[in-house]
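Undergrad: how does the following fold in three dimensions:
(one chain, ligands or ions: 1)
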Amino acid sequence: MRSIDVHTHLLPAEIPRWSERFGYGGFIRLERKDACTARMVRDDGTFFRDVTSNVWDPAVRIAESNEAEVGVQVLSTVPVMFGYWISQPRQALDVARFLNDACARDRRKLLGLCTLPLQAPDLAVEELTRCVRDLGLAGVQIGSHVGRWNLDAPELFPVFARAAELGCPVFVHPWDMMGQERMQKYWLPWLVGMPAEGAQAISSVIFGGVLERLPELRLCFAHGGGAFAFTFGRIQHGFESRPDLCGVDNPRPPRDYLGKFWVDSLVHDELALRLVLRRFGDDKVVVGSDYPFPLGEDRPGALIRSLADLPQAKLLVSNALAWLGRSSEGLDLDASA
Ligand code: CO
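TA: As a prediction, the model looks like this:
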């Protein structure tokens with residue numbers, strides 16, 4: 001059975017020199033080394049990450065997907081491209097529009113998620129509408145926070161409301177990880193900070209009442225929801241013992257929201273996957289691989305496929321269709337095709 005992988009990243013083959021256009025730095029550019037490899041470099045010259053052509057070349061991406069029994073990839077930009085820090089809203093919109101125009105794909109094997117200038121929520125609402133209605137993108141990817149705003153920020157609510165109104169799914173990806181000043185070694189921002197960002201994002205959405213006010217909103221959190229599944233008991237107990245701290249914006253307990261959002265399967269561990277399935281429900285876990293990056297699952301969906309007692313069809317395909325809000329019609333999911 002071919003799967004839908006909801007967590008894959010892409011970059012355009014060429015990225016404009018935004019720093020030259022806007023007159024200040026902080027942007028990422030791609031420096032090609034040869035036809036198949038490039039370096040992601042900040043415009044102050046500091047190195048971010050090596051990438052290979054599968055991040056920008058759809059033909060390579062599709063060939064590798066076919067080999068891994070992935071029928072459909074959901075594409076999103078690399079979180080370092082979010083640009084939420086850009087102080088001029090129109091420039092942030094320009095960057096998002098460029099990435100979104102480059103994300104529109106064939107809709108049979110590659111479904112794009114847009115990115116938004118969330119620091120300017122009115123422009124973000126406009127761009128989300130354009131991407132879904134005009135470009136035919138499948139949904140939107142957002143960060144686990146936007147500068148100083150967590151996802152409960154009132155400023156961001158109109159964006160969630162618009163996504164709910166458009167019926168488009170929202171993928172929440174950790175980025176700009178907390179605590180980095182004490183995490184310079186051992187890749188800790190990615191290993192420890194990212195799961196903390198996931199727990200923070202889900203907690204903010206629940207305590208902030210986002211899902212209470214928008215029950216039809218379809219959120220999916222990357223990396224199995226980060227540390228939330230394991231930390232849930234503490235979060236629930238905190239709500240019960242200190243409602244004066246936790247229940248200030250939403251009187252309903254966190255446990256009421258289990259099963260009301262999706263998470264991907266990228267946890268690299270059987271016990272963790274089983275916990276996630278028990279916690280969120282086996283109809284709320286979808287394949288997510290972080291393709292083509294090194295912390296991803298080398299063969300997308302392999303952990304799920306290795307556990308024969310799990311409901312394969314739900315986890316590989318139908319849960320993702322429910323999150324995307326569509327049928328399988330027109331998607332390349334037929335193994336015999
Ligand atoms: Co990712």
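Undergrad: my guess is His9 meets Ser289, correct?
TA: No: counting by C-beta atoms under 8 Å, His9 does not reach Ser289; the two are 9.9 Å apart. Just so you know, the C-beta spots here come from the backbone N, C-alpha and C atoms, and that holds for glycine as well.
Undergrad: who has more neighbours, the two?
TA: For His9 versus Ser289, the count of surrounding residues by other C-beta atoms under 10 Å is larger for Ser289: 27 against 22.
Undergrad: report the buried residues of stretch 269-279.
TA: 272-273, 275-277, 279 (16 or more other C-beta atoms under 10 Å).
Undergrad: how about the CA coordinates for it, as CSV?
TA: Provided in CSV are the C-alpha atoms of stretch 269-279 (Å, rounded to 0.1, in the frame of the first residue of the first chain):
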residue,chain,number,x,y,z
ASP,A,269,10.8,4.6,18.5
GLU,A,270,8.1,1.9,18.8
LEU,A,271,7.1,2.7,22.4
ALA,A,272,6.7,6.4,21.5
LEU,A,273,4.6,5.5,18.5
ARG,A,274,2.4,3.3,20.6
LEU,A,275,2.0,6.0,23.2
VAL,A,276,1.1,8.6,20.5
LEU,A,277,-1.5,6.2,19.1
ARG,A,278,-3.0,5.5,22.5
ARG,A,279,-3.0,9.2,23.5
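Undergrad: re earlier: just the buried residues of stretch 269-279 now: which is nearest Ala92?
TA: Taking C-beta to C-beta as the measure, Ala92 lies nearest Val276 of the buried residues of stretch 269-279, at 33.6 Å.
Undergrad: next secondary structure after the helix or strand where Arg162 lies?
TA: In the assignment (DSSP states H and E), Arg162 maps to helix 157-166. Of the helices and strands lying after helix 157-166 in sequence (DSSP H and E), the nearest is strand 170-173.
Undergrad: show me what that following strand is packed against.
TA: Helices and strands touching strand 170-173, by 3 or more C-beta pairs under 8 Å, 6 or more residues apart in numbering; DSSP states H and E, are strand 3-10, strand 70-77, strand 139-143, strand 219-221.
Undergrad: so what strands line up beside it?
TA: Note on strand 170-173: by DSSP bridges, its sheet partners are strand 139-143 (parallel), strand 219-221 (parallel).
Undergrad: restricting to C-alpha, output the longest one in PDB.
TA: Taking only C-alpha atoms (Å, rounded to 0.1, in the frame of the first residue of the first chain), the coordinates of strand 139-143 have been written out as PDB:
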ATOM      1  CA  GLY A 139      -3.200  23.900   3.100                       C
ATOM      2  CA  VAL A 140      -0.700  25.800   5.200                       C
ATOM      3  CA  GLN A 141       2.300  25.200   7.400                       C
ATOM      4  CA  ILE A 142       3.000  27.400  10.300                       C
ATOM      5  CA  GLY A 143       5.700  27.600  13.000                       C
END
